[in-house]
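**Student:** following is a predicted model, sequence given first.
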Amino acid sequence: MLIGLLLGLLIGRLVDPGPVRLEAVQALPEGLQLRFDREPALHQEYLDGAFGMLVQAEGRDQQGELRIDGMPVRWRIQPIERGLLVNLVAVRALRVQWQGEERDGSWWMVLEVSPATP
């Protein structure tokens, strides 16, 4: 019985791929490109013109600035207890559309940022 339990735990550890990892971030003229080792679960939200996305993945704290239609847009990727928090903030309200696809053994997400239309 004990051997069966240990064997089951061993197989479970071999099959479990572990947490999703953010491998790279690249600023693009129209937004951000994120590369993960595989597809993460996520939740997005707008709050007072800012955009936030919780990605269930691991990664390091990163930040930068984009220029979208001449408007400065600050971005930050911050590890929190439940994953990675991706924030985009500007003086004017933002509209963010994202697309994801599997390519070259990784999962790529592009966040396209533009000013929100009133």
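**Tutor:** Perfect, thanks for sending it.
**Student:** for this structure, which segments count as helices?
**Tutor:** 2-15 (DSSP state H).
**Student:** strands of that one, start to end?
**Tutor:** 22-28, 31-36, 42-47, 50-55, 62-68, 71-80, 83-90, 94-103, 106-115 (DSSP state E).
**Student:** the fourth one vs strand 71-80, what angle?
**Tutor:** So the one you mean is strand 50-55. 30 degrees (axes from the mean of the first three to the mean of the last three C-alpha atoms, to 10 degrees).
**Student:** in its sheet, what does strand 50-55 sit against?
**Tutor:** strand 42-47 (antiparallel), strand 83-90 (antiparallel) (DSSP bridges).
**Student:** same check, this time on the fifth one
**Tutor:** Each strand paired with strand 62-68, and its direction, by DSSP bridges: strand 71-80 (antiparallel).
**Student:** list the buried residues in stretch 64-73.
**Tutor:** 66, 68, 73 (16 or more other C-beta atoms under 10 Å). Where you see a C-beta, it was placed from the backbone N, CA and C, and this is true even at glycine.
**Student:** turn these into JSON lines, including pLDDT.
**Tutor:** Compiled in JSON lines, the buried residues of stretch 64-73 are given as follows (pLDDT from 0 to 100):
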{"residue": "66", "pLDDT": "95"}
{"residue": "68", "pLDDT": "91"}
{"residue": "73", "pLDDT": "95"}
